[in-house]
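K.L.:
sequence first, predicted model second:
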Amino acid sequence: MSIKDLAKAAKQASIMLAATATEQKNKALQTIAQELRNRKEEIIAANNLDLERSKKENLAAPLLKRLKFDEEKIDGVIDGINSLIKLPDPVGETLASTELSEGLELYKISCPIGVIGVIFESRPDALVQISTLCLKSGNSTLLKGGSEALETNRILAKIIVDATAKCNIPNGWIQLLETRADVNEMLKEDQYIDLIIPRGSNDFVKYIMENSNIPVLGHADGICHVYIDKDAVIEKAIKVALDSKCQYVAVCNATETILVHEAIANAILPQLKWALETCGVEIYGCAQTQSIISVLPATDESWKTEYLDYKVSVKIVKDCVEAVDHINTYGSGHTESIQTENKDTAVYFLNHVDSGNVFWNCSTRFSDGFRYGFGAEVGISTNKIHARGPVGLDGLLIYKYIAKGDGHTVTDFSEGKRKYSHIKLNKPLRF
């Protein structure tokens, strides 16, 4: 089938899926989880083929780590599906209700977006997370994973297609694309595809935005910061900074720059350096940082770099105001964290940093749909419209207005037979 045909089939399926009962969707999710558990060996065998090929092609170590889909990661996505099942169905919720006039009521109701095209990187777990989130939220999806995960994505997509077919989920709701040419064709299908979510480099996201009329939701770089204030507890701050950088370096919510208040720099930098280097992290520091500890020199380019590796930039700042200014200048609007015991300083930071996720005394790695309790995430958005931060179920919904009357006409109002009341109601839509 052509990409146009696949997109058309997904659109047709989305109309039926939008009205699918909660129980049926949850049953399909349970079946997916069970089939993933039953077919672990097949999945791991397919993933091993991808890993072997990618090693021969000299895929970078951080990307190989993301590509690996072992039993632990399979168990992780199954746990995510089980969490998703427990979440309330977000479709059909009454978001607002208003009496326009006696006997005429208006309801704002949540509904699926429709067809969502998602382009993602080498993580096979993303395919499971994205497709199950789309299913729960009543959306069809076209998925394009990285070519390095071709075999793993194929088996995962087949498992999901087979499992949902058993539960009478509309055929065609999930489609797997495999080539770059497929992506270019997908970008043309604005008649059938309602939203594109790209997960990749800054250049790639810009390319998507410039070559499609379909709305795009997502983020390019993940340049995240930890700011250690003068009123931070050193031991606690180092622990958080270390987790933010080292817990998993090849992800968009890993910290790439650590900012340190000048008043605490002499006390904390030697300890911070030891902790980071013990984890194998290469440090690039500003001139003032280099005067305190021996590190590689940082340049202006360092503050703009998403390493996704065991590397980090360190800069000394005079106060929280300068830290915020640095973040708003060089950050990508993803996730920032302040380490301080001073409430006033923390509030300034939280209110003035222009990012989708802003934290106080905790790791940037918490910026994640699963950790937020969203079930998982389809991606992270740094946009300021529709959805921001981890895009879970709520970010895959839009709304429609439903009006209920009894022969009401605008003419009645223009002729003075009726009057508008515009009374806010507190009741759900009932048919």
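P.N.:
Cool, the structure landed.
K.L.:
would you map out the domains in the chain?
P.N.:
For the chain, the structural domains run 3-218+383-397, 224-366, going by automatic domain parsing.
K.L.:
which one of the ones you listed has the poorest average confidence?
P.N.:
Lowest mean pLDDT within the domains of the chain: domain 3-218+383-397, a mean of 93.
K.L.:
tell me how far that domain lies from the chain's centre.
P.N.:
Centroid separation between domain 3-218+383-397 and its chain, computed with C-alpha atoms, centre = their mean, to the nearest Å, is 11 Å.
K.L.:
give the other helices and strands that the host helix or strand of residue 209 contacts.
P.N.:
Assigned by DSSP states H and E, residue 209 belongs to helix 202-210. Helices and strands touching helix 202-210, as assessed by 3 or more C-beta pairs under 8 Å, 6 or more residues apart in numbering; DSSP states H and E, comprise strand 195-198. For every residue, glycine as well, the C-beta is placed using N, CA and C.
K.L.:
which elements pack onto the strand it packs on?
P.N.:
Packed next to strand 195-198, using 3+ C-beta pairs under 8 Å, 6+ apart, are strand 115-119, helix 202-210.
K.L.:
swap in 6 Å and give it another go.
P.N.:
Where contact means 3 or more C-beta pairs under 6 Å, 6 or more residues apart in numbering; DSSP states H and E, strand 195-198 is packed against strand 115-119.
K.L.:
neighbouring strands for the strand it packs on, and are they parallel or not?
P.N.:
Pairing partners of strand 115-119, with direction, according to DSSP bridges: strand 140-144 (parallel), strand 195-198 (parallel).
K.L.:
how about a markdown table for those strands, with mean neighbour count and distance to residue 241 added?
P.N.:
A markdown table is the format used below for the strands paired with strand 115-119 (neighbours: other C-beta atoms under 10 Å; distance: least, C-beta to C-beta, whole Å):
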| stretch | mean neighbour count | distance to residue 241 |
| --- | --- | --- |
| strand 140-144 | 26 | 35 |
| strand 195-198 | 25 | 30 |
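K.L.:
save the ones you listed as a markdown table, and put in distance to residue 44 too.
P.N.:
Rendered in a markdown table, the data for these read as follows (distance: least, C-beta to C-beta, whole Å):
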| stretch | distance to residue 44 |
| --- | --- |
| strand 140-144 | 20 |
| strand 195-198 | 27 |
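K.L.:
can you give me the neighbour number for residue 56?
P.N.:
A count of nearby residues for residue 56, using other C-beta atoms under 10 Å, gives 8.
K.L.:
what's the separation between it and residue 181?
P.N.:
Noted for residue 56: a distance of 24 Å to residue 181, by C-beta to C-beta, to the nearest Å.
K.L.:
again with residue 233
P.N.:
54 Å.
K.L.:
ranges for the helices of the stretch 251-400 of the chain?
P.N.:
All helices of the stretch 251-400 of the chain, identified by DSSP state H, counting those that start in this stretch, fall at 262-278, 287-290, 320-330, 343-352.
K.L.:
now the third one against helix 343-352, angle please.
P.N.:
Going back to what we said before, that points to helix 320-330. Angle of helix 320-330 versus helix 343-352, following axes from the mean of the first three to the mean of the last three C-alpha atoms, to 10 degrees, is 20 degrees.
K.L.:
residue 333 and residue 353 touch, don't they?
P.N.:
No - Residue 333 is beyond contact range of residue 353, at 9.3 Å (criterion: C-beta atoms under 6 Å).
K.L.:
OK, contacts around the residue nearest to residue 308 when sequence neighbours are not counted?
P.N.:
Using C-beta to C-beta, 6 or more residues apart in numbering and skipping the chain neighbours, the partner closest in space to residue 308 is residue 250 (5.0 Å). Neighbouring residues of residue 250 by C-beta atoms under 6 Å, 6 or more residues apart in numbering: 62, 65-66, 308.
K.L.:
residue 250 in helix, strand or coil?
P.N.:
Following DSSP: H, G, I helix; E, B strand; the rest coil, residue 250 is assigned to coil.
K.L.:
how close does it sit to residue 256?
P.N.:
If you measure residue 250 against residue 256 using C-beta to C-beta, the figure is 12 Å.
K.L.:
try residue 16
P.N.:
44 Å.
K.L.:
which of the contacts of residue 250 sit farthest apart?
P.N.:
65 and 308 (10.2 Å; C-beta to C-beta).
K.L.:
which one's more surrounded, these two?
P.N.:
Counted by other C-beta under 10 Å, residue 65 and residue 308 do not tie: residue 308 has more neighbours, with 19 against 14.
K.L.:
and the more buried one, how far from residue 335?
P.N.:
Noted for residue 308: a distance of 14 Å to residue 335, by C-beta to C-beta.
K.L.:
now do the same contact list for residue 126.
P.N.:
Residues in contact with residue 126 (C-beta under 6 Å, 6+ apart) are residue 120.
K.L.:
grab the nearest non-local neighbour of residue 424.
P.N.:
residue 98 (5.8 Å).
K.L.:
what about that neighbour, neighbour count?
P.N.:
16.
K.L.:
thought it was touching residue 107?
P.N.:
No - here residue 98 does not reach residue 107: they are 8.0 Å apart, not a contact under C-beta under 6 Å.
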